[in-house]
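A.B. asks: any chance you can model this:
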Amino acid sequence: MTGFIGAIDQGTTSTRFIIFDDAGDVVTLDRREHAQICPKPGWVEHDATEIWRNTVATIEGALAKAGLSAADLAAVGVTNQRETTLLWDKETGAPLHNAIVWMDTRVEPLVERFSRDGFAKRLREKTGLPLASYFSALKLVWLFENVPEARARAERGSVLFGTVDSWLIWNFTGGRHLTDATNASRTLLMSLETLDWDEELLRYFDIPRACLPKICASSEVYGACAAPLEGVPLAGALGDQQAALLGQACLAPGQAKNTYGTGCFLLMNTGLSPRASQRGLITTLGYKLGSSPPVYALEGSVAIAGALTQWLRDNLGLIRSSEEIEPLAKSVPDNGGVYFVPAFSGLYAPRWRADARGLIAGLTLFSTKAHIARAALEAAAFQTQELARAMAEDAGAPLLELRVDGGMTENDLLMQFQADILNAPLARPKSIETTALGAAYAAGLAVGFWKSEADIAAHWRCAKRWSPGMGEAERARLFQGWEKAVERSLGWES
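C.D. replies: Residues are numbered from 1 along each chain as shown. From the prediction side, this is the model:
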């Protein structure tokens, strides 16, 4: 058997191709950034054609670095930014419009419009999701209402809808229109009970079934790839946060992970039954491996985490590179009373406040850019604490340990502060590439490269642990300041 598995990790800011060995260790990777297109305030778009070109380039780059060919790969999996929405021509493959990114807020008027009839409760019962700009259905409605002939062509099946996984699968397999159940669960169109497109929801949003992809398991062979992966089975797909749940081997109910990327996403495995949240979290599909029953999860989603560091770099010029933020933040002993609420696209879980906007609070003449940098890092930890508190209340038990991954976990200052604010230990695995690893696991299980979930669990190793060391009074004081700042961010946008 060939000795490696490939994973396409298509994220919000870049695309990567990572090659893993049978121990789940990274052999090599290649990465390409793509443009963030912001034509209006609150609008965020991606050029899907650029993403496809970058995907091909990263595959070629990684294979060349490792001295491997496509024939050396047993299978390839895909993980992707989840709710980002696009339409393309079935015959030519040309996108009808730039992809509308998950954090885009242009559909807020549609949220208001669809909220008037009281159907939101029914939506949550069927999908586990709130009616919010975050999810794909309203983005698709916007495209139908603003791209000439899009709806009519979709009704005929000559225009196809997909999240980015569907777009990549379609390109790689010569036109197979598929998605996996985790990505489908983020559209507001799939029933969590049936794992199929729901007729009532399709009628409600007026979405023609003819344009929708077939929903598949997260781990099954979808087809053979075209060049540059010619003949390699494309055998796994998961939304990025569900992929990280699998990559972190959170395979038992109660196990939880938090990914610190562009946003911040806390997921807890809740087993074979969906658990309704009473605290503003999302009930979502965790993964579905082949013919095995689906596994569900609770999720808390934060829109802006690592993206705030990029914003300080690119928009304010406060730092020259992302790596500079930790030493700058460490140059002061604390935040100096400064709090940064990065509600650039409103606030997601557990508040779901689209009217919030970003602010920096607590500034005095004593404040420096180091305090702002520290407050920016602490914002990710405070938001995670809000999610963890809501999750503990929903689950009826506190988090005993949080497995962490993503680029920001290399930041020791942030990780220690996170453990302190959570009052719970953090565990980082030997490889922080857990999102791509989850896609690799799904693909490998589908072709027998790995035999079982026990193989996955055996690969997980803790590389570093952070234990809380902050007193309760200090923890309460800091979190009280955060809540005060958040309250001032609310109601900013009418």
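A.B. asks: could you export the strand or helix carrying Ile8 as PDB, CA atoms only?
C.D. replies: Assessed by DSSP states H and E, Ile8 sits inside strand 4-10. Written as PDB, here are the backbone C-alpha positions of strand 4-10 (Å, rounded to 0.1, in the frame of the first residue of the first chain):
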ATOM      1  CA  PHE A   4       1.000   8.600   2.600                       C
ATOM      2  CA  ILE A   5      -2.300  10.500   2.800                       C
ATOM      3  CA  GLY A   6      -2.900  14.000   1.400                       C
ATOM      4  CA  ALA A   7      -5.100  16.700   2.900                       C
ATOM      5  CA  ILE A   8      -6.400  19.900   1.200                       C
ATOM      6  CA  ASP A   9      -6.900  22.500   3.900                       C
ATOM      7  CA  GLN A  10      -8.900  25.300   2.300                       C
END
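A.B. asks: that strand pairs with which strands, and in what direction?
C.D. replies: For strand 4-10, the paired strands and their directions (DSSP bridges) are strand 14-20 (antiparallel), strand 73-80 (parallel).
A.B. asks: would you mark the buried spots in the last one?
C.D. replies: Right, strand 73-80. For strand 73-80, the neighbour count (16 or more other Cβ atoms under 10 Å) marks 73-80 as buried. Bear in mind the C-beta positions are built from the backbone N, C-alpha and C, glycine included.
A.B. asks: what does stretch 336-343 give?
C.D. replies: For stretch 336-343, by 16+ other Cβ under 10 Å, it's 336, 338-343.
A.B. asks: next one: stretch 369-380
C.D. replies: Neighbour-count burial for stretch 369-380 flags 370-380 (criterion: 16+ other Cβ under 10 Å).
A.B. asks: tell me who's in contact with Gly236.
C.D. replies: Applying Cβ atoms under 8 Å, 6 or more residues apart in numbering to Gly236 gives the contacts 75-78, 218-220, 439-446.
A.B. asks: SS state for Leu298?
C.D. replies: Here Leu298 is recorded as strand under DSSP: H, G, I helix; E, B strand; the rest coil.
A.B. asks: against Val341, how distant is the residue of the chain positioned farthest from its centre?
C.D. replies: Relative to the centre of the chain, the most outlying C-alpha is that of Leu365, 38.0 Å out, by Cα atoms, centre = their mean. Computed as Cβ to Cβ, to the nearest Å, the Leu365 to Val341 distance reads 21 Å.
A.B. asks: any low-confidence regions in the stretch 1-150 of the chain?
C.D. replies: Low-confidence segments of the stretch 1-150 of the chain, defined by pLDDT under 70: 1.
A.B. asks: in it, which spans are helices?
C.D. replies: In the stretch 1-150 of the chain, the segments counted as helices under DSSP state H, counting those that start in this stretch are 48-66, 108-115, 120-127, 136-146, 150-156.
A.B. asks: closest one to Val404 among those?
C.D. replies: Nearest of those to Val404, taken as Cβ to Cβ: helix 48-66 at 25.0 Å.
A.B. asks: quick one, that closest one and strand 4-10 angle?
C.D. replies: Note on geometry: by axes from the mean of the first three to the mean of the last three Cα atoms, to 10 degrees, helix 48-66 and strand 4-10 are set 150 degrees apart in direction.
A.B. asks: quick one: buried residues of helix 48-66?
C.D. replies: Neighbour-count burial for helix 48-66 [16+ other Cβ under 10 Å]: 48-52, 54-59, 61-63.
A.B. asks: list the contacts for the closest residue to Trp43 other than its chain neighbours?
C.D. replies: Distances taken as Cβ to Cβ, 6 or more residues apart in numbering put Arg106 closest to Trp43, at 5.2 Å, once the chain neighbours are dropped. Residues near Arg106 by Cβ under 8 Å, 6+ apart: 40, 42-43, 100, 133, 142.
A.B. asks: ok, so of these, who is nearest Leu188?
C.D. replies: Nearest to Leu188 among the contacts of Arg106: Ser133, at 10.9 Å, using Cβ to Cβ.
A.B. asks: how near is the closest one to Leu426?
C.D. replies: 31 Å.
A.B. asks: looking at the two now, which is surrounded by more residues?
C.D. replies: The neighbour count for Ser133 versus Leu426, taken as other Cβ atoms under 10 Å, is higher for Ser133 (24 against 21).
A.B. asks: re the thing from before, any chance of the strands paired with strand 4-10 in CSV, plus distance to Pro293?
C.D. replies: Output for the strands paired with strand 4-10, formatted as CSV (distance: least, Cβ to Cβ, whole Å):
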stretch, distance to Pro293
strand 14-20, 26
strand 73-80, 20
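A.B. asks: how many other residues sit next to the residue lying closest to Ile51 once chain neighbours are set aside?
C.D. replies: Nearest residue to Ile51 in three dimensions, chain neighbours excluded: His34, at 5.6 Å (Cβ to Cβ, 6+ apart). Close neighbours of His34, defined as other Cβ under 10 Å, add up to 19.
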